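Q: 3D model of this:
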Amino acid sequence: MTSPGLRPAPWALRWWPGHLVVLALLGLGIWLGAWQLETWSGKRQAEALDLTRSDPVALPSVLGPDEPFPAASVGQPVTVAGEWLSDATVYVERGTGYWVVTPLLTDARAGVALPVVRGVAEEPTAPEVSGAAELTGWLQPPEGTGAADDDPDDDVLPQLRVADLVQRVEGDLYGAYAVAAEPTPGLEAATLAQLPEVGRFTGLRNFFYALEWWVFGGFAVFVWVRYLMDEARRPERSVESSA
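A: Numbering: from 1, shown residues only. Below is the predicted model:
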């Protein structure tokens, strides 16, 4: 006669090869997902790299007169030399004072100047500068807050925008400005306005790859557990000898 029997339990020896394969797939999925997540994080950190502590480089090696501002160079220390255009000094409103900004003519032949934040004053007035100068400053992109200038005829500006400065300079301006590392005597040091912002989609593909590998590992476990449950529920016919 025959009598129904149950399939071996999931911890039975016959299932262990399958258990080991699934564990290997799960471990592989977790490891690859973690690797892709680390790659995603690394790309975002690289884009937001704080360059302010790096060695200064010459301005032309980072930015040309007619070039757009390189997003990866925000905060890069640069060395510049030229002649002060003191007549073009402006004062940019800040919460605790005014940025004192004077263009530095870096190329007299081409007539190109770089706006330099010389420091911070409590009032829109500052010591004058003239003659040749050589300095180190942190490169920053022009501002564009959209703030309106209540009095276009004075030397006080609501933001440091190249379009507002170019009207005061006979020549061309770089599409950037520099915050002087050493302020002019009599002025307080200015702080950096910006550091790099991470793009919304930076390394996004690696982030999705990480999720994909984790889903793969979880799916392998799900399929194996589902298979074991089905096997456990399905009766197995066994033949018993009877006298």
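Q: show me what W138 is bridged to.
A: Beta-bridge partners recorded for W138 (DSSP bridges): P77, V179.
Q: A178 is in contact with that one, correct?
A: Yes. The pair W138 / A178 is scored as a contact, 6.4 Å apart, by CB atoms under 8 Å. C-beta: built from backbone N, CA, C; applies to glycine.
Q: joint contacts of the two?
A: Here W138 and A178 have V78 as joint contacts, going by CB atoms under 8 Å, 6 or more residues apart in numbering.
Q: list the buried residues of the one helix or strand L228 maps to.
A: L228 belongs to helix 204-233 when assigned by DSSP states H and E. Across helix 204-233, burial judged by 16 or more other CB atoms under 10 Å covers N206, F207, Y209, A210, W213, W214, F216, G217, A220, W224, L228.
Q: what helices and strands are in contact with that helix?
A: helix 16-47 (3 or more CB pairs under 8 Å, 6 or more residues apart in numbering; DSSP states H and E).
Q: so how far is the helix it packs on off the chain centroid?
A: Helix 16-47 sits 25 Å away from the centroid of its parent chain (CA atoms, centre = their mean, to the nearest Å).
Q: that one vs helix 204-233, what angle?
A: 160 degrees (axes from the mean of the first three to the mean of the last three CA atoms, to 10 degrees).
Q: partners of the helix or strand that comes right after helix 16-47 in the sheet?
A: Per DSSP H and E, the first helix or strand lying C-terminal to helix 16-47 is strand 57-58. Counting by DSSP bridges, the strands paired with strand 57-58 are strand 77-84 (parallel).
Q: hmm, who's touching stretch 159-173?
A: Residues from elsewhere that reach stretch 159-173 (CB under 8 Å, 6+ apart): 65-66, 85, 87-88, 90, 92, 99, 101, 103, 105, 110-115, 117, 142-145, 147, 149, 157, 174-177, 193.
Q: which among these count as buried?
A: Buried residues within the contacts of stretch 159-173, defined by neighbour count using 16+ other CB under 10 Å: 65, 85, 88, 90, 92, 99, 101, 103, 105, 112-115, 117, 142-143, 157, 174-177, 193.
Q: enumerate every residue touching the closest residue to L25 other than its chain neighbours.
A: Among residues not flanking L25 along the chain, A220 sits closest, at 4.2 Å (CB to CB, 6 or more residues apart in numbering). Going by CB under 8 Å, 6+ apart, A220 touches V22, L25, L26, G29.
Q: show me which of the buried residues of helix 204-233 is closest to A121.
A: Nearest to A121 out of the buried residues of helix 204-233 is F207 (CB to CB; 45.7 Å).
Q: most neighbours among the contacts of A220, which one is it?
A: The most neighbours of any of the contacts of A220, using other CB atoms under 10 Å, belong to G29, which has 21 neighbours.
Q: for the residue nearest to it when sequence neighbours are not counted, report the pLDDT, please.
A: Spatial nearest neighbour of G29, chain neighbours left out: G217 (2.5 Å); criterion: CB to CB, 6+ apart. Per-residue confidence at G217 stands at 82 (pLDDT).
Q: circling back: how about the buried residues of helix 204-233 in TSV, adding distance to G75?
A: As requested, the buried residues of helix 204-233 are exported to TSV (distance: CB to CB, whole Å):
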residue	distance to G75
N206	25
F207	26
Y209	30
A210	29
W213	35
W214	35
F216	40
G217	40
A220	45
W224	51
L228	57
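Q: buried residues in stretch 175-192, which are they?
A: When burial is assessed from 16+ other CB under 10 Å, stretch 175-192 yields the following buried residues: G175, A176, Y177, A178, V179, A180, P183, T184, L187, A190.
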